[in-house]
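> 3D model of this:
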Amino acid sequence: MDFLDEITLTGLTVFGYHGVFDHERRDGQEFTIDLTLGLPLASAAASDDVADTVHYGELADRVAEIVAGEPVNLIEKLAARIADAVLEDDRVKHVKVTVHKPHAPIAQTFSDVSVTVNRGRA
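Here you go, the predicted structure:
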């Protein structure tokens, strides 16, 4: 049985302009992203070389570009866009992306709202 290792990045906070309301698109807000990548890490462990793994600093930069970039209406679409970008690295077999929108325009008192998508290779 093949087991996948994981790289996890949590709490990446980026300012973006996503939402269905005009004021969200105009004023923007912070979004927080959590990622879990499933991939084999034995080569990286053996070589001790960052080239043999997903560089999580570069990963954070790429995700931040997406969140700060072209606005979307739904965080579901934003999460899917991030997942697609992560899967561009063939070493990544699956990814779990959670997009938190703690300042969503909800009339009730709440601490967070989030969407999680899971994507993988066929």
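> okay, CA-based contacts and neighbour counts for the rest of this
Fine.
> does the residue nearest to Asn118 when sequence neighbours are not counted count as helix, strand or coil?
Sequence neighbours aside, Lys96 is the residue nearest to Asn118 in space, at 4.5 Å (criterion: Cα to Cα, 6 or more residues apart in numbering). At Lys96 the chain is in strand, as set by DSSP: H, G, I helix; E, B strand; the rest coil.
> What pLDDT does the model give Lys96?
Listed pLDDT for Lys96 reads 98.
> so it makes contact with Leu39?
No: with contact defined as Cα atoms under 8 Å, Lys96 does not reach Leu39; the gap is 12.0 Å.
> what's the distance between the residue nearest to Asn118 and Thr109?
From Lys96 across to Thr109, the span is 27 Å (Cα to Cα, to the nearest Å).
> Between these two, which has more neighbouring residues?
Lys96 (20 against 6; other Cα atoms under 10 Å).
> The more buried one: what's it in contact with?
35-37, 83, 116-119 (Cα atoms under 8 Å, 6 or more residues apart in numbering).
> Give the burial count for Glu70, as a bare number.
11.
> Leu37: helix or strand, and which one exactly?
Taking DSSP states H and E as the definition, Leu37 sits inside strand 29-39.
> That strand pairs with which strands, parallel or anti?
Here strand 29-39 is paired, per DSSP bridges, with strand 5-16 (antiparallel), strand 94-100 (antiparallel).
> where does the chain have low pLDDT?
1-2 (pLDDT under 70).
> same thing but 50
1 (pLDDT under 50).
> Going along the chain, name the helices of it.
For the chain, the helices defined by DSSP state H cover 22-27, 42-47, 56-68, 75-86.
> which of those sits most buried?
Counting by mean count of other Cα atoms under 10 Å, helix 75-86 has the highest mean neighbour count of the helices of the chain, with a mean of 20.
> tell me the angle it makes with strand 94-100.
Counting by axes from the mean of the first three to the mean of the last three Cα atoms, to 10 degrees, helix 75-86 points 140 degrees away from the direction of strand 94-100.
> just checking, what packs against helix 75-86?
helix 56-68, strand 94-100, strand 114-120 (3 or more Cα pairs under 8 Å, 6 or more residues apart in numbering; DSSP states H and E).
> That concludes my questions; thank you for your assistance.
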